[in-house]
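Q: Sequence and computational prediction follow.
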Amino acid sequence: MPTDTVPPPPAASRLMPAKIVYGLYVLGYFLGGIPTLGGLIYAYLARGKDADLDSHLTLQIRTFWISLLVGLVGIVLFFAFGLGVLVLIALTVWNLTRVISGFVLALSEQPVRGTKYLGLVAV
């Protein structure tokens, strides 16, 4: 009598916390940055469980703090000289590229080994 074997459910991704943080960072673009703060807090809380996960979380944490600092410089330059718009546009491209390239790596279950092109792309 043949028995039907049901395959086990897929194991939860060990990079799921990183995927959640990437999603919160993207949501932050549409909801005024509040989800981004939640993502930052979650990234800090999820660290230390897995080296591959930590590579993504480190990228995400650094992306947040660098974006915040450069964004503040861009705002000051905007009000002081009007040039801040260029800084803020470049920052947006830099930030989105890091988030998207990191998210693609997380979706393929790959760690972040570093960045290239002036920290623009996670590899």
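A: Received the coordinates, thanks.
Q: ok, longest helix in the protein?
A: For the chain, the longest helix by residue count, based on DSSP state H, is helix 51-81.
Q: distance between that helix and the chain's centre?
A: 11 Å (C-alpha atoms, centre = their mean, to the nearest Å).
Q: so after it, what's the next helix or strand?
A: Downstream of helix 51-81, the first helix or strand assigned by DSSP states H and E is helix 84-107.
Q: could you check the angle helix 51-81 makes with that next one?
A: Angle of helix 84-107 versus helix 51-81, following axes from the mean of the first three to the mean of the last three C-alpha atoms, to 10 degrees, is 170 degrees.
Q: Quick one: distance of helix 84-107 to the chain centre.
A: For helix 84-107, the distance to the chain centre is 9 Å (C-alpha atoms, centre = their mean).
Q: so what does it touch, helix or strand wise?
A: Under the contact definition 3 or more C-beta pairs under 8 Å, 6 or more residues apart in numbering; DSSP states H and E, helix 84-107 sits against helix 16-30, helix 51-81, strand 121-122. From N, CA and C alone the C-beta is placed, and that goes for glycine too.
Q: tally of neighbours for the closest residue to residue 18 other than its chain neighbours?
A: Nearest residue to residue 18 in three dimensions, chain neighbours excluded: residue 56, at 3.5 Å (C-beta to C-beta, 6 or more residues apart in numbering). By the criterion of other C-beta atoms under 10 Å, residue 56 has 26 neighbours.
Q: and if you look at residue 35?
A: Going by other C-beta under 10 Å, the residues that sit close to residue 35 add up to 18.
Q: does it really touch residue 27, like I thought?
A: Yes - when contacts are counted by C-beta atoms under 8 Å, residue 35 is listed as touching residue 27 (4.0 Å).
Q: Low-confidence stretches in this protein?
A: Applying pLDDT under 70 to the chain picks out residues 1-4, 6-12.
Q: Distance to residue 90 added to the helices and strands packed on helix 84-107, as a markdown table?
A: Output for these, formatted as a markdown table (distance: least, C-beta to C-beta, whole Å):
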| stretch | distance to residue 90 |
| --- | --- |
| helix 16-30 | 16 |
| helix 51-81 | 8 |
| strand 121-122 | 15 |
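Q: Good, we can wrap up now.
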